[in-house]
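Asks: Build me a structure from this.
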Amino acid sequence: FFLIQELLRVMRTIDDRIVHELNTTIPTASFVGKVDPGQTCKQLYESLMDAHTNRERIIKNCIAQTSSVVKTLREEREKAQDDVALLKQLRKEQTKLKLMQSELNVEEVVNDRSWKVLSHLIVMMFCPNIQS
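Replies: Numbering: from 1, shown residues only. Sure, this is the predicted structure:
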């Protein structure tokens, strides 16, 4: 599970640095003619979409695999109720499953925050007369 968490942490870099990404990819007034802000926003949007899709896929695959292991261990546990090692393994896998499910919630919060920042920027770029 800790390897999955580390992988997700690295994959969330784009979200963690969204303001920096926006500041470095969106042109200032002096560079507006040299860079297409619409294209830049589109590329950032696509990068975020890809990152979010990939992370969600990884988390859901891990949840599915761990759920399968938990199911198998539960079935084995019903047959061998006195097996303490089996019970320990089942509890360990159930804990891992809960942690992975909570990662899905973390992912939702991270994604939501990034979309809010990106949406705000788009409004500011393309509708500068709107007060936020």
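Asks: just how off-centre is the helix or strand where Leu118 lies within its chain?
Replies: According to DSSP states H and E, Leu118 maps onto helix 84-126. With Cα atoms, centre = their mean, to the nearest Å as the basis, helix 84-126 stands 6 Å off its chain's centre.
Asks: Equivalent analysis for stretch 49-68, please.
Replies: 9 Å.
Asks: Ok, stretch 68-78 next?
Replies: Counting by Cα atoms, centre = their mean, stretch 68-78 comes out at 29 Å from the chain centroid.
Asks: tell me the mean pLDDT for that stretch?
Replies: Mean pLDDT, stretch 68-78: 95.
Asks: C-alpha coordinates for that stretch, PDB please?
Replies: Extracted in PDB, the C-alpha atoms of stretch 68-78 (Å, rounded to 0.1, in the frame of the first residue of the first chain):
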ATOM      1  CA  SER A  68     -10.800 -10.000  -4.300                       C
ATOM      2  CA  VAL A  69      -8.100 -11.000  -1.800                       C
ATOM      3  CA  VAL A  70     -10.400 -10.000   1.100                       C
ATOM      4  CA  LYS A  71     -13.300 -12.100  -0.300                       C
ATOM      5  CA  THR A  72     -11.000 -15.100  -0.700                       C
ATOM      6  CA  LEU A  73      -9.600 -14.800   2.800                       C
ATOM      7  CA  ARG A  74     -13.200 -14.500   4.200                       C
ATOM      8  CA  GLU A  75     -14.100 -17.700   2.500                       C
ATOM      9  CA  GLU A  76     -11.000 -19.400   3.800                       C
ATOM     10  CA  ARG A  77     -11.700 -18.000   7.300                       C
ATOM     11  CA  GLU A  78     -15.200 -19.500   7.300                       C
END
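Asks: the bottom helix or strand of the protein by mean pLDDT?
Replies: helix 18-25 (a mean of 68; mean pLDDT, DSSP states H and E).
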